[in-house]
Every structure is written in C-alpha cells, then in structure tokens.
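In: have a look at this prediction, sequence included:
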Amino acid sequence: MALKALDIFKLLPKTNCKKCGCPTCLAFAMKLAQKQASLDQCPDVTAESKAQLEGSAAPPIRLVTIGEGANKLEIGNETVMFRHDESFYHPPGIGVIIPDNLDEAALAAKIQAAAKLQFVRVGTAIRSDIVAVINASRQAEPFAKTVAAVQKLERPLVLMSTEPSHIAKALASCQGQKPLIHAATADTWEKYAALAKEKQCPLAVTEPDLDKLAALTEKIKSAGVADLILDVTSHSLSATLQALTAIRRLALKKNLRSLGYPCMAIGLGQTPAEQLAQCCAYIAKYAGIVLSSMDQPEHILPLLTLRQNLYTDPRKPIQVEPKLYPVGAVTNASPLLITTNFSLTYYTVEGEVEASRVPAYIGVVDTEGTSVLTAFAADKLTSEKVTAFLKSEAVKEKIAHHKVIIPGYVAVMSGALEEESGWEVMVGPREASGLPKYLKTVWKSG
Amino acid sequence: MTMLEEAKEKWTGAINEVVIGATKAEGGTRAAGVTIGGDKSLPFMHYEAPIKNRPIVALEVWDREPDDWPQPLMEALGDAVKSPVAWAKKGIEEFGADLICLKLMSTHPDFGDATAKDAVQTVKAVLAATSAPLIIWGCEHDEKDNEVLPRCSEAAKGEKCLMGVVTEDNYKTLVASCIADGHSLIGLSPIDINIAKQINILVMEMGFPANRIVMYPTTGALGYGLEYCYSIQERGRVAALSGDKMMAMPVICMVGQEAWHAKEARAPKEEAPDWGDEKTRGLFWEIATAVALLEAGSDILVLRHPAAIKATKDTINKLMA
C-alpha cells in the first residue's frame, strides 16, 4: 500500500535544499507519493529512510516462486479480498502429498496416479501442478530416494520433514529446482532458515497462531530468507479458514509486512469427502498452495475446476469459441440451435440439449461473450450475423436441412433472418430450460 | 491487541433472521422450528462476531419419481423416490437433513399436470410423515403455480413453511397467500442484485415482513457458472453487512439440482474414462459446489445425495466449531 505524502515527508531530511529540483521537501514528498519523482533525486536521504520508502513500494503480499522453468508455480501478489472487487491473479498450486514409506511398486503407482491428474475444461488445460513428499519414515535415506523418484513428474516440489538434515540430503537431487522447504517452526526455524538461505529455496513457516507467526517471519527475514509461505493448517478447519482470511486482510488492509506472504493449507481428514470439503474451503479462501493425500481424478477434478472458476477474471466475460458444436449422436438431419458465445449461456443450452437426449447442433455466434438479451440489445446478435453463420462452410458440411431454431427472446428477428438467409426460422423457447420439451415436441412434429 | 482483533472488520449490518417451521405452541405441528440468518460477519468468521445460526441442509424431494437422474444418485436414494412421503421420511430419519424441500414437479403442465388437489394431498402427507420444517417449491410455471400454491399454503396454514418462488413478474398471488397463512417466501432473481432488491421491495410494499423473505439468486454448479453465483452471493453478503437492508435476506441455493446436471456428474464411465469413479464423481461435484457456496454466504443448501448431506453437515459443524 502506498504511503501518503506526509508519511514520506517525515522520512526526508527536511532541509529544503532544493537539490532535488523541488522548492521544499514537502513538495518533493508530494511528488514521490504520486510517483512523479524518484527517491534517487534526493542526495541526502538516509539509508534507513531509503529502505523504508522502498519497502513501502513492494506489493502487500509477496510474490513467491516455487520451482524453476516452464512448470514453476508463482503465488501471492494478490490485491483484493473478493474476486468481485477486481480479480484473483495467482491460482493456488493443488497437489498430492506422497509419503516416503511406500514400497517401490506402491510409489510407482502413486506417481502414475499423480501424473494422470490433468484434464481439459472449457478448452483450457488444468492440472495438479505441485507435488509434496513427506518424511513419514523419519529417515533420511527413503526421503531422498522418494524425492528423487518424484522428479519424474516435473512439477514444483514441496519437501516436508521435521528434520532439516533430511531435507538437506534430499535437496541433492533437486539441483536448480527451488523446491519449497517445509517447514520452519518456532523451535527449529534457525536450521531451516540457514538451509533455505544456502540453497536459495523458498521456505514454509508453520504456526497457526498469527501473533507467533508474525514474530517468527520477522526473525526468519532478518536471517536472510525473504521468500516465505505461511502454513496455517491446524486441526480445526474453522481456525485454519479464519487464519487464512485474517492474514489476507492484515496484509492488504493493514499493510502488515510480517504476514505479507502467500499462505498454504493442508486438507486433513479421514475420508476423501472430508479432505475434499477442506480443500474446497481453502481454495475459495486465500490459500496459495492446497495439499492433500487425494490422488484420484474424481477427487482432484472438482478442486481444479473450483480453482479455474474462482480465478477467472470476473471483469472479462468468459467465452466459448464461436463455431458449430455437436451434442450427442448427431446426423445431418439433426436440429440446429443458435445461441451466443457467452460461456454461461452456451453451457446452459448445451446442458438442456443433452438432457433432452435429442442429438442436436448448437451454432454459437460471436457476441463478444454476452448473453442473448444483452447481445440482441447491443446489436451483437443480428440477423446478418446469424445468416453469415448459416452460410458458413461448417454448416454446409454438416447440416442437410434448412431449418434453424433461434432463442425465443430474439423472435423479432425471424422475418429478417428468413429473408436474408432463405432458411426456415423456428422460434425456440425463451429459457434454455424449455428446450427438452421443445426438441421432443415442436421439433419432432415440425 | 492480537492479530485477530486487528484483522476485525467493523460491519454495521446483519443478515435477517428467518424462522422456518412452527411448533404446536406456535400454531403448527413441527417438532421444532429452525432459524437461519442473523450473521454479523463474513461466513464462519467467528473472530469478527459470534455466529448465532448455522446454515441448514434440506433434502430435495419430488412429488413424482425423477426419470432422468443419474444412476449413482438413484441408487443412493433407493426405492424411497417412488413416494414423496417415504422419500421425505428417509431424508430426515436416515440421511440427517434438517428439513425437506418439496418440489411440486408433477403440477407442471408438461410433467403430469397434477391438480391443486393432488398437490395439497402431497403437502399434507409430507407434513404428517415428518415433524421437520418444510419448503414448498412450485413447478415454476406462473399460471399453474398461482393455481396450486395458494391451496398448498392454505393446507399448511400455521406451519411457517418456506414457499416459492416469486419473481418480479409473478408475486402477488403467493405473497397474499403467505400473508394470510403465515408462511415465508423465496424470491427468485437470476444472478442479479438489482432484481433481487426489486423483488424484495415489491413484496414488502404489499405489507410482507422482511424477516420472512429468503433470496434465491439462482445457483450455478461447479464448472457451470458457479463463479457468477459465488460472486453475487459475496457481493450481497458484503452489501448486507455494510447496512443495505434490501440485501439482508438469507440465501437459498439449489446445489443438488445444478450439480447433478453437470456433465461431470452424469457422464457414464465409457464417455469419460479419465474422470475417475462414476459413483464418486457426481457426489463430489455436489459437495464441492456446496462448500464453495457456503464460503460465499448461503443459509439453506438444498441437496440430493444422502452422502452429500452428511459431508456438507459435517463441514458446517467443523466450520461452526
């Protein structure tokens, strides 16, 4: 959060020497606050003031990178409490925790399961993008071996051990990969901080009590480690969620530097259903990394989908590609329905067509991501546009008849559309929910 | 001051408290009523203010056997779906739902066109079968609802049911019935805060009390518009806590209805071999949708799968701890 001119003024020499080009230090402070001047213009500012002023220019939540190269994960640098205030920017890493006490076959199976956690939704690839190894064996050797085996996934790593020397050993197979070291505590932080500093790795700090956590991050920062991740997982879902929210608020609204780091949380719980619920709560509310032992596609797909939904920029309407979509076992005699490329509109129509069990084509016209009524009002869904679509190669190739169903809300364009396209125009229901009945009755008899 | 105290947001408003269900002493026949709303904080943020009432979970029950619900869901519900009475009873006694959401699907002209008399009989039978509070949901066909719902309202007089839905264009008949018979109301406003306010204003102009209105901003399933509903609900909650009395009504979400409509919940294994176990997929879709909407601020979640009810209630309990 930017400092006000008066706060900046307090940090200046107050000599009014004019060397910066401004008549007074206060005038210079005002320019600095508006980012119209640079602190370098003042030759007499003290080193402390300089550090303080530069610090205030940093984002309230630090951007932390885990891993290197194309698959690295960047989290933090969020700016709002609610996605409707602007947008969320850095989607949380979602990953599996693999224990180091598995036999070779079980480990291979686990790695294979994790590798399969990738899907395509709404035309976008989504996947589990981080993986953790936990030192369940409490021995150095199996931990290092498991970490080496997991490299195969080519995902950023989290190395979880209560024994820093085990992590040091495992790091041998992670040259240049910047895995996340997990985790420093109030009792052990010195060794972890030294390791993170030496290996240039980000460091997780675990402490559910926020006051103690803030004190701890200050100490670790003084020891020279700046890339921290706050793990606030406790045995209470409620406490974890409140901590995640309070940290976000303190960092953004109170500019509290000692908690200005991305967070992480682990989905505990006895059953996958419990873990799923916890992970969903953490994805919605501010975690930068969400880990659990879940590794099946039916467990992870909902998490990845939730992340995709909530990290979609609400200022940009999401769109589907304007083209011809077949639903079900279509033939060249199947009905053709026109709708817009606003994805919510499209998926609603698609869902109803699917539910009708009548195979059909959905013709999506480019309305710049607006719904039927909005598009029509803004001249983005016009008879010209629909005509152009009906005359497209895709339609000629796939559809043998000349009957088109338009949304009930744009019934008034029927006349113009018939004239321009030469197609028979059928007026469909106003709401997509009327489609199953429409397709089963009106279309069938038409 | 501790960090948590420091993080406290000072809200000026609160969500209205709405009571569903009346006991004998209150003029009904329910074992107990259930109160929703009352929050003076963001959802489950106990450090901001004490939370009086937990969100509740309703089982969606139809008055006719559904013919297109996916197999895993139908198996979990068993034979009970053949009768709304057995279905409702099982929902309360076995599945652990807090209340029943009875949808009068068969009254729709396209789905059986059952008469008002049939619907009244169903409502009476369901009220007799369980002592839990009841939500009565019409078929969302304006003319038919206006014919059926007033009769159901009359038949359930004094039970303090929650009835719906009213819209901007169709509210007068049901509002009048609910005033006469002491029920609460659900206002439907498809992901639009201004419409939600407008309905609240229209309904209240008829003399309907604010503390008997519940908002239904429509629900989007995970992957199918969830983010719109999530943000509309969050915006509504923030507005209410900031003092906007026309947004202070509690919110109901049709989670089961939407989640089981998703392709991820419906597609058989052959169609989606990479999506994992068919039995778990739809269930987890429903749970994930429910948990996300709890975070956004929901007061009633209407669910379909017994295991989703269990998992959601379990999560609510943990969030209230």
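Out: Alright, I've got the coordinates.
In: now the stretch 51-200 of chain B against chain A: closest residue?
Out: Relative to chain A, the nearest point of the stretch 51-200 of chain B is B:D110 (5.1 Å; Cβ to the nearest Cβ). For the C-beta atoms, the positions are set from N, CA and C on the backbone; glycine is no exception.
In: any idea of the pLDDT on that residue?
Out: Reported pLDDT at B:D110 in the predicted model: 85.
In: report the secondary structure state of it.
Out: Following DSSP: H, G, I helix; E, B strand; the rest coil, B:D110 is assigned to coil.
In: surely it is in contact with A:K437?
Out: Yes - B:D110 lies in contact with A:K437 (Cβ atoms under 8 Å); the separation is 5.1 Å.
In: which residue of those two possesses the greater neighbour count?
Out: Neighbours per residue (other Cβ atoms under 10 Å in any protein chain shown) separate B:D110 from A:K437, with A:K437 holding more: 17 against 14.
In: that one and chain B, how far apart?
Out: Distance of A:K437 to chain B, computed by Cβ to the nearest Cβ, to the nearest Å: 5 Å.
In: contacting residues around that residue?
Out: By Cβ atoms under 8 Å, 6 or more residues apart in numbering or on different chains, A:K437 lies in contact with A:P429, B:D110.
In: only the C-alpha atoms, please, for the strand or helix carrying it, written as CSV.
Out: Using DSSP states H and E, A:K437 sits within helix A:435-438. Output of helix A:435-438 as CSV, limited to C-alpha atoms (Å, rounded to 0.1, in the frame of the first residue of the first chain):
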residue,chain,number,x,y,z
LEU,A,435,-35.5,-26.9,-24.8
PRO,A,436,-36.1,-30.5,-23.9
LYS,A,437,-39.8,-30.2,-24.3
TYR,A,438,-39.3,-28.1,-27.4
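In: now do the contacts for residue 211.
Out: Assuming you mean chain A. B:T2, B:M3.
In: think we crossed wires, I meant chain B
Out: B:N16, B:E17, B:V18.
In: sorry, back to before: let me see the mean pLDDT of the helix holding A:K437.
Out: 91.
In: cool, and stretch B:218-225?
Out: 92.
In: same thing with stretch A:203-213?
Out: The average pLDDT within stretch A:203-213 is 96.
In: just the endpoints, please. Distance across that stretch?
Out: One end of stretch A:203-213 to the other measures 13 Å (Cα to Cα, to the nearest Å).
In: buried residues of that stretch, list them for me.
Out: Of the residues in stretch A:203-213, A:L203, A:A204, A:V205, A:T206, A:E207, A:P208, A:D209, A:L210, A:L213 count as buried by neighbour count, 16 or more other Cβ atoms under 10 Å in any protein chain shown.
In: same question for stretch A:340-356.
Out: Buried residues in stretch A:340-356, counted by 16+ other Cβ under 10 Å: A:340-356.
In: any idea how far B:A265 is from the closest residue to A:S343 other than its chain neighbours?
Out: Once flanking residues are discounted, A:S343 sits nearest to A:I318: 4.4 Å by Cβ to Cβ, 6 or more residues apart in numbering or on different chains. Distance of A:I318 to B:A265, given as Cβ to Cβ, to the nearest Å: 21 Å.
In: now the strands for the stretch 51-200 of chain B?
Out: Assignment of strands within the stretch 51-200 of chain B using DSSP state E, counting those that start in this stretch yields the ranges B:56-62, B:99-103, B:134-137, B:162-166, B:184-188.
In: which secondary structure element contains A:A265?
Out: Secondary structure from DSSP H and E places A:A265 in strand A:263-266.
In: which helix or strand in chain B has the lowest average pLDDT?
Out: helix B:263-266 (a mean of 88; mean pLDDT, DSSP states H and E).
In: neighbours of B:D67, how many?
Out: For B:D67, the count of nearby residues is 7 (other Cβ under 10 Å).
In: please apply the same query to B:K24.
Out: Counted with other Cβ under 10 Å, residues neighbouring B:K24 total 10.
In: near chain A, which residues of the stretch 1-150 of chain B?
Out: Applying Cβ under 8 Å from any Cβ of the partner chain, we find that the stretch 1-150 of chain B lies next to chain A at B:2-4, B:6-7, B:9, B:42, B:44-47, B:68, B:110.
In: could you rerun that using 7 Å?
Out: By Cβ under 7 Å from any Cβ of the partner chain, the residues of the stretch 1-150 of chain B that approach chain A are B:T2, B:M3, B:L4, B:E6, B:A7, B:F44, B:M45, B:H46, B:Y47, B:D68, B:D110.
In: of those residues, which is the most crowded?
Out: Among the residues of the stretch 1-150 of chain B next to chain A, B:F44 has the most neighbours (other Cβ under 10 Å), with 27 neighbours.
In: kindly provide the distance from the closest residue to that one other than its chain neighbours to A:R430.
Out: If the residues on either side of it in the chain are set aside, B:F44 comes closest to B:L319, at 4.4 Å by Cβ to Cβ, 6+ apart. From B:L319 over to A:R430 the distance is 39 Å, taken as Cβ to Cβ.
In: please apply the same query to B:E264.
Out: Counting by Cβ to Cβ, the gap from B:E264 to A:R430 is 27 Å.
In: what's the answer for B:T2, then?
Out: Going from B:T2 to A:R430 by Cβ to Cβ gives 55 Å.
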